[in-house]
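Chemist: take this sequence and fold it.
(one chain, ligands or ions: 1)
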Amino acid sequence: MKNNLLQLRETARQEISATKNLTELENIQIKYFGRKDGVLNVLLKSLKDLSPEAKKEVGQLANQVKVELEESLAKQKTILEKEDIASTLEQDRIDVTLPAIAPKKGSLNPTTLVQNELEDIFKSLGFMVLDGPELESDYYNFEALNIPEHHPARDMQDTFYIKGLAKNEKRVLRTHTSPVQVRAMQKYGAPLRAVAPGRVFRYEASDVSHDHTFYQLEGIMIDENISITNLIAVMKTLLRGILKRDVKVRLRPGFFPFVEPGFELDINCLICGGTGCSVCKQSGWVELLPCGMMHPSVLRAGNIDPEKYSGFAFGLGLTRLVMMKYGIDDIRLLNSGDLRFLKQF
Ligand code: DAH
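Modeler: Got it, this is the predicted structure:
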């Protein structure tokens, strides 16, 4: 019996120190101290068959073994718990020196990029940057610009006519940014330097170079003695500033009812380099900057005396300029919302 106890103590100790985790240790505890069939309890139960003296002696030893083993179990438990924490920490380790996950950055539409650049150029030349309504009155869009009703000049622009709120009131989705010319003159008078970038609309079938919605940037400069020389100087500064290179330009007469004389300023097509492509309609040139000296009737509509003041005006095809600058060969991409396209800017 004594020997059995000593043997049991030895085996149990070995088994306890061999455990590698808390679950194993718990199993050992149950194996030896389990209330019903724990090895130690089973052994103690057989004490009753011994003589009183032997019972006393073995009983004491059994108690001692029990206490010893309980201590071993407790010790091993402490060791395993520490290891457990350490391994959890190891597994959950965070490398605080790693760079953080950067938020995803969006980007601006190329039209906005170029518009911002243009605004900076014009601000540096002392121009105001103005806004105008997209739903415009027939008066500002046409009449004040020397395009009376029933005049064939209206046919130059396919227009979205919108019924106004009042009876017989006519509204249009502005076909150009030119109405801001008159609004600006009425508000600020002369002398005046202003640009008005914005969205314009035409009732037009779309293809690679036409869309129903596109962008222009209108500009006017009014003062005493403003001449075509000023016009050309400002246009050249503008193109150099935005295209970051000297481009070939040509000036030819152009008719617009609100300027006299009027010009078409064309630039050498930057898509094909002038050899001819679908964007420049195989001509090698792209109409970019219609411009001219402001018509006296328009100055008058803006309450400015044409005897005292003169001015030039231009209507930059902002969308077209964007296409030239970035080599975009289909205008429809710009309003498409296609992320594969937009992410490139
Ligand atoms: N508004 C004209 C258009 O959209 C463009 C234009 C031509 C604007 C000549 C001007 C100008 O200011 O002087 O067709």
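
Chemist: report the central residue of this protein.
Modeler: By C-alpha atoms, centre = their mean, the chain has its centre lying nearest to residue 106, at 2.0 Å.

Chemist: state the distance from that residue to the ligand.
Modeler: Going from residue 106 to the ligand by C-beta to the nearest ligand atom, to the nearest Å gives 31 Å. Glycine gets a C-beta too; all of them are placed from N, C-alpha and C.

Chemist: so where does that residue fall, helix or strand?
Modeler: Using DSSP states H and E, residue 106 sits in no helix or strand.

Chemist: swap in residue 194?
Modeler: Using DSSP H and E, residue 194 sits in strand 192-201.

Chemist: state the mean pLDDT of stretch 207-221.
Modeler: What stretch 207-221 shows for mean pLDDT is 95.

Chemist: and the residue of the stretch 51-200 of the chain found nearest the ligand, how many residues sit next to it?
Modeler: In the stretch 51-200 of the chain, the residue that lies nearest the ligand is residue 176 (3.3 Å; C-beta to the nearest ligand atom). By the measure other C-beta atoms under 10 Å, the count of residues near residue 176 is 23.

Chemist: check residue 297 too.
Modeler: For residue 297, the count of nearby residues is 15 (other C-beta under 10 Å).

Chemist: outside of stretch 122-135, which residues touch it?
Modeler: By C-beta atoms under 8 Å, 6 or more residues apart in numbering, the residues outside stretch 122-135 that reach it are 119, 162, 171-174, 177, 179-180, 183-184, 188, 192-201, 219, 221, 234, 237-238.

Chemist: what of stretch 158-169?
Modeler: 135, 141, 170, 171, 172, 173, 175, 201, 202, 203, 204.

Chemist: would you mind listing what in the chain touches the ligand?
Modeler: Residues of the chain lying close to the ligand (C-beta under 6 Å from any ligand atom) are 176, 178, 218, 256, 259, 262, 290, 291, 292, 313, 314, 315.

Chemist: now, which of those residues lie within strands?
Modeler: Taking DSSP state E, the ones among the residues of the chain next to the ligand that sit in strands are 218, 259, 262, 290, 291, 292, 313, 314, 315.

Chemist: still on that earlier bit, now flag whichever of the residues of the chain next to the ligand is closest to residue 94.
Modeler: When the residues of the chain next to the ligand are compared for distance to residue 94 (C-beta to C-beta), residue 218 wins out at 56.4 Å.

Chemist: contact partners for the closest one?
Modeler: 176-178, 180-181, 195-198, 313-316.

Chemist: ok now stretch 182-189, how far from the chain's centre?
Modeler: Distance of stretch 182-189 from the chain centroid (C-alpha atoms, centre = their mean, to the nearest Å) equals 35 Å.

Chemist: so how far is stretch 336-345 from its chain's centroid?
Modeler: In this view, stretch 336-345 has its centroid 10 Å away from the chain centroid, taken as C-alpha atoms, centre = their mean.

Chemist: thinking again about what came up before, direction included, what does the strand holding residue 194 pair up with?
Modeler: strand 128-129 (parallel), strand 213-223 (antiparallel) (DSSP bridges).

Chemist: other SSEs contacting the lowest-mean-pLDDT helix or strand in the chain?
Modeler: Every helix and strand in the chain was compared by mean pLDDT, DSSP states H and E; the lowest is helix 39-45, with a mean of 79. Counting contacts by 3 or more C-beta pairs under 8 Å, 6 or more residues apart in numbering; DSSP states H and E, helix 39-45 packs against helix 2-18, helix 22-33, helix 52-91.

Chemist: buried deepest among the ones you listed, which one?
Modeler: Mean neighbour counts were taken over those using mean count of other C-beta atoms under 10 Å, and the top value, a mean of 16, falls to helix 22-33.

Chemist: which of the contacts of stretch 158-169 are buried?
Modeler: Buried subset of the contacts of stretch 158-169 (neighbour count, 16 or more other C-beta atoms under 10 Å): 141, 171, 172, 173, 175, 201, 202, 204.

Chemist: any chance of these in TSV, with pLDDT and distance to residue 328 too?
Modeler: Formatted as TSV, the buried ones among the contacts of stretch 158-169 follow (pLDDT from 0 to 100; distance: C-beta to C-beta, whole Å):
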residue	pLDDT	distance to residue 328
141	96	28
171	92	32
172	94	28
173	96	24
175	96	23
201	97	20
202	96	19
204	88	18
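
Chemist: among the residues you listed, which pair sits farthest apart?
Modeler: Distance extremes for the buried ones among the contacts of stretch 158-169: the farthest pair is 171 and 204 at 18.6 Å, using C-beta to C-beta.

Chemist: endpoints of stretch 204-216, how far apart?
Modeler: Length of stretch 204-216, first residue to last, C-alpha to C-alpha, to the nearest Å: 16 Å.

Chemist: check the offset of that stretch from the chain's centre.
Modeler: 24 Å.

Chemist: stretch 221-233 now?
Modeler: Counting by C-alpha atoms, centre = their mean, stretch 221-233 comes out at 39 Å from the chain centroid.

Chemist: span of that stretch from start to end?
Modeler: 12 Å.

Chemist: how about residues contacting it?
Modeler: With contact meaning C-beta under 8 Å, 6+ apart, stretch 221-233 is reached by 127, 185, 190-193, 234, 251, 261, 291-294, 299, 304, 308-312, 314.
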